[in-house]
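Novice: Kindly return the folded structure for what I paste below:
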Amino acid sequence: MLAIKAKYDGRKIILPKNTRRPPPGEVIVVFTKTEEKAEENAWLKAQEAAFAQAWDNDQDAIYDDL
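Specialist: Numbering: from 1, shown residues only. Below you'll find the predicted structure:
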């Protein structure tokens, strides 16, 4: 089995250049949902800001060198 990350342009699957092309045969195509990724990234960014507020302060600076 060979897994390749590719793009789908709405009509065809576009493999990256310089990809080792297997011989013709059956494939399994899995589409990731871009909107879910965007939402997940937004939550991660929101959490990052909250952690920065909690950890980036003078009282916790003593732990920076551990």
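Novice: C-alpha from now on. contacts and neighbour counts both.
Specialist: Will do.
Novice: Helices of the protein, residue ranges please.
Specialist: Shown for the chain, the helices assigned by DSSP state H span residues 34-55.
Novice: Who are the contact partners of Leu15?
Specialist: Applying C-alpha atoms under 8 Å, 6 or more residues apart in numbering to Leu15 gives the contacts 4-7.
Novice: From the centroid of this protein, which residue is nearest?
Specialist: Nearest to the mean C-alpha position of the chain, counting by C-alpha atoms, centre = their mean, stands Lys37 at 7.1 Å.
Novice: Next one: that residue relative to Leu44, how far apart?
Specialist: 10 Å (C-alpha to C-alpha, to the nearest Å).
Novice: what's the answer for Asp56, then?
Specialist: 17 Å.
Novice: cool, Lys17 as well?
Specialist: 31 Å.
Novice: Equivalent analysis for Thr19, please.
Specialist: 32 Å.
Novice: do the same with Ile62
Specialist: Ile62 sits 26 Å away from Leu44, going by C-alpha to C-alpha.
Novice: what about dumping the CA coordinates of stretch 25-45 to CSV?
Specialist: What follows is stretch 25-45 as a C-alpha-only set of coordinates in CSV (Å, rounded to 0.1, in the frame of the first residue of the first chain):
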residue,chain,number,x,y,z
GLY,A,25,-5.2,-0.4,-10.2
GLU,A,26,-7.8,0.2,-7.5
VAL,A,27,-7.4,3.1,-5.1
ILE,A,28,-9.1,4.4,-2.0
VAL,A,29,-9.8,8.1,-1.9
VAL,A,30,-10.4,9.8,1.4
PHE,A,31,-11.6,13.4,1.4
THR,A,32,-10.8,15.5,4.4
LYS,A,33,-13.2,18.2,5.3
THR,A,34,-11.4,21.6,5.0
GLU,A,35,-14.0,23.4,7.1
GLU,A,36,-13.4,21.1,10.0
LYS,A,37,-9.7,21.7,9.8
ALA,A,38,-10.3,25.5,9.8
GLU,A,39,-12.5,25.2,12.8
GLU,A,40,-10.0,23.0,14.6
ASN,A,41,-7.2,25.5,13.9
ALA,A,42,-9.4,28.4,15.2
TRP,A,43,-9.9,26.5,18.5
LEU,A,44,-6.2,25.8,18.8
LYS,A,45,-5.4,29.5,18.2
